[in-house]
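Enquirer: got a predicted model here, sequence first, then my questions.
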Amino acid sequence: MRDLGVRVTADGPTIRVWSGRATGIDLVIDDAPAEHVVPLTRDVHGVWSGSDPRLAPGRRYWLRADGPIVGDDGVRTPFDPGVNLLDPYARGLGRTGRGEWRGVVVDESFDWGGVEKPRTPLDHTVVYEAHVRGLTRLAPFVPDDLRGTYAGLAHENTIAYLTDLGVTAVQLLPVHQHVDEQRLVAQGFENYWGYNTLSYFTPHAGYASRDAQLGGPSAVLREFKGMVKLLHAAGIEVWLDVVYNHTAEEGEDGPVTSLRGLDGSYYRHDADGNPIDVTGCGNTLDTSLPAASRLVLDSLRYWANDLQIDGFRFDLAATLGRGPDAVFSPDAPLLTAIRDDPALEGVRLIAEPWDVGLGGWQTGNFPVGWSEWNDRFRNRVREFWLRDIAHARGSGSSTNGLGSFASKLSGSGGLYAHDRGPLAGVNFITAHDGFTLADVVAYDQKHNLRNGEDNRDGTDDNRSFNHGAEGPTDNPGILDARRRASRNLLATLFLSAGVPMLTAGDEIGRTQRGNNNGYCSDDETSWVDWNLDDEREALLADTKALIRHRRENPALRPVRFGTFGDVTPSATDMTWFGADGGPLEPDDWRNPAHRTLLYLAASTPEFEAFNRVLIVVHGAQSPVTVTLPEYSDIESYEVLWTSGDAFDPRPRLPGESYGILGPTVTLWRVV
């Protein structure tokens, strides 16, 4: 099953396609005005191959397959020699005048000019989740003809913005060629996010500039590579959100475009041949079997090496860890194969550690070498800064103590195994799915009516707080509370151990007007609005400052968990205090009345100089007096940043007290 797809060999261009169930496969080459048919020959491994000199760059081709509809195991493959199928390994796709998809042989030559991958250490990484179109579609600093494209993302002004912001990796929503689900087409919508993959080897042509689209798949591929090259030259990594859990062939009655028409065993079935869907998308790739597993590995190798991608975020990654019995295991062969593949050495592997199947929530359970989206961080941090404060407004007391919040601040040690360390968690407050930062502090309920599903779609578990009014308001007190809450959430994200991920536009207050499921909104609902007023400029300045302080203070970004009584290199020595500057008692961690925490973090140097900071967190609206800890060898405290109001910048002595009015995070450098 090696070297599948179209390759140039000593015998000329050759195609290799796998199907264990077909009795015959033809290669069809567009040789206008006629079709040129090449019967393929099967080997003992189920690989069908053939050669033809017409398979040159720019040539369109497709497949036709025949075989038994139902196999001995009950699995259906809707073989039909009259149906045109895509090569699963096609590196270029084009459409006919009738809108049908065809494979296209591409010219893969490209001059990388000696530009190499940045290889940013994971503890220095700051991730920026963005949509190729949405990021620059409204950007005034990008030429009109490049807005919303790969070239627009790679434009010098976009790169300058990202560099100035301080992010080190751009994580792009799916860029594999995708299509819209039949249901969305019938409703007049489209799949803006792109989680409906048609081809695992082809960049989505709709994100290329008009000139590249007119130039065909080879030009689209060159523009994509050019984007990666320019971002790398600026020191910015490129990560891709990849959807290897299901395909655009949807359910059993869905379109037959590629895998389903070649061999039904690409998809997961039970012992009786009935389809199993643990993705909620109509089908599930069976990566416990060699064909689907090989497809995933080959696709990853192509993007990581030929296109120089630095990392992958795996959508519904729990699906990839399910064995023949459909039960998840961290030792699943594909998960370890991806991690241990020499061709993927150094590539970042990020799991979305859940799916919708039985036992689908697997946060904390992926193997060493993988990082995970830390949804527990998102949930607890939102609860602390939003729902707990909302509850205290209504009842006079919060619902949670400090313990769980402190755990998230210090790297989620109760969630990730000691040998995985804090960098196993990718921390986030928001992501593409759900409220934006501006909306999580402005809405108590989702407002998704424009999605055409009577507000049924999107989660109801938002853990948000509107601070007294639903949506837009002119009330200055509410607006001030929202601004402070936004700063507190951002501060927690960037001052916590783990890998921080910022959603594009959150740093400038992007709103979706309460829509928490913008998957079908390819319009101003989802695009980043770059018209900045003073308030949005101020939020941007705070975000830049927090990212800079994270970069400059290694105590905030440990690589390893420490061990009590030992000095662990590249860990953080943690000491906790209460508002009075004294140690916290065991009951203080659980008592909802205790909402003030002082976290003294000291690095244990391995590659950087010694560093020590103090983070002061006050999670209540009531005022409090804080006493700075008296601790061995501390001479003074210098304030670096605060989410509160104007702050006296003078250094403070150990044992000195100061007042806090309202929910606040303050970062001090310890001298």
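Expert: Happy to help now that I have it. Numbers count the residues shown, from 1 in each chain.

Enquirer: ranges for the helices of the stretch 301-450 of the chain?
Expert: Along the stretch 301-450 of the chain, counting by DSSP state H, counting those that start in this stretch, helices occupy 333-340, 375-382, 388-395, 403-409, 437-440.

Enquirer: right, so the ones you listed: which one is the most enclosed?
Expert: Counting by mean count of other C-beta atoms under 10 Å, helix 437-440 has the highest mean neighbour count of the helices of the stretch 301-450 of the chain, with a mean of 24. Where C-beta positions appear, they are placed from N, C-alpha and C, glycine not excepted.

Enquirer: hmm, who's touching that one?
Expert: 382, 386, 429-430, 434, 462-465, 486, 489-490, 503, 506, 509-516 (C-beta atoms under 8 Å, 6 or more residues apart in numbering).

Enquirer: what about those, which are in helices?
Expert: Secondary structure from DSSP state H places 382, 486, 489, 490 of the contacts of helix 437-440 in helices.

Enquirer: which phi and psi does the nearest residue to residue 167 once chain neighbours are set aside have?
Expert: Using C-beta to C-beta, 6 or more residues apart in numbering and skipping residues adjacent in sequence, the residue nearest residue 167 is residue 128, 4.0 Å away. When read as degrees, to the nearest 10, the backbone of residue 128 gives phi -120, psi 100.

Enquirer: okay, now the unreliable bits of the protein?
Expert: Across the chain, residues meeting the criterion (pLDDT under 70) sit at 1.

Enquirer: and it, what are its domain boundaries?
Expert: Structural domains assigned to the chain are 122-554, 564-670, following automatic domain parsing.

Enquirer: for the shortest one, measure first residue to last.
Expert: Using C-alpha to C-alpha, to the nearest Å, the span of domain 564-670 from its first residue to its last is 22 Å.

Enquirer: ditto for the first one
Expert: Terminal residues of domain 122-554 are spaced 12 Å apart (C-alpha to C-alpha).

Enquirer: distance between it and the chain's centre?
Expert: 3 Å (C-alpha atoms, centre = their mean, to the nearest Å).

Enquirer: what about residue 605, how many residues nearby?
Expert: Neighbourhood size, residue 605 [other C-beta atoms under 10 Å]: 14.

Enquirer: before we move on, back to that, got the contact list for the residue nearest to residue 167?
Expert: Neighbour list for residue 128: 162, 165, 167, 169, 170, 171, 501, 502, 504 [criterion: C-beta under 8 Å, 6+ apart].

Enquirer: for the closest residue to the last one other than its chain neighbours, what are phi and psi?
Expert: Distances taken as C-beta to C-beta, 6+ apart put residue 130 closest to residue 504, at 3.9 Å, once the chain neighbours are dropped. Summarising the backbone geometry of residue 130 under the convention degrees, to the nearest 10, its torsions are phi -140, psi 160.

Enquirer: roughly how far apart are residue 436 and residue 428?
Expert: 12 Å (C-beta to C-beta, to the nearest Å).

Enquirer: doesn't residue 113 make contact with residue 229?
Expert: Yes: Residue 229 lies in contact with residue 113 (C-beta atoms under 8 Å); the separation is 6.9 Å.

Enquirer: neighbour count: those two, which is higher?
Expert: Between residue 229 and residue 113, residue 229 has the larger neighbour count (other C-beta under 10 Å), namely 18 against 7.

Enquirer: how about the more buried one, nearest residue that isn't a chain neighbour?
Expert: Residue 229's closest residue in space is residue 115 (C-beta to C-beta, 6+ apart), at 5.1 Å.

Enquirer: could you do residue 404 as well?
Expert: residue 380 (5.2 Å).

Enquirer: contacting residues for the one you found?
Expert: Taking C-beta under 8 Å, 6+ apart, we find residue 380 in contact with 404, 405, 407, 408.

Enquirer: adding distance to residue 285, write those residues out as JSON lines.
Expert: What follows is the contacts of residue 380, written out as JSON lines (distance: C-beta to C-beta, whole Å):
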{"residue": "404", "distance to residue 285": "36"}
{"residue": "405", "distance to residue 285": "38"}
{"residue": "407", "distance to residue 285": "35"}
{"residue": "408", "distance to residue 285": "33"}
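
Enquirer: which stretches of the stretch 51-200 of the chain form helices?
Expert: So, for the stretch 51-200 of the chain - with DSSP H, counting those that start in this stretch - the helices run 132-136, 150-153, 156-165, 182-187.

Enquirer: which among these is found nearest to residue 419?
Expert: helix 156-165 (32.9 Å; C-beta to C-beta).

Enquirer: which strands and helices sit next to the closest one?
Expert: Packing contacts for helix 156-165, counted by 3 or more C-beta pairs under 8 Å, 6 or more residues apart in numbering; DSSP states H and E, involve helix 534-552.

Enquirer: next, the buried residues of the helix or strand just after the helix it packs on.
Expert: Moving toward the C-terminus from helix 534-552, the next helix or strand (DSSP states H and E) is strand 572-577. For strand 572-577, the neighbour count (16 or more other C-beta atoms under 10 Å) marks 572, 574, 576, 577 as buried.
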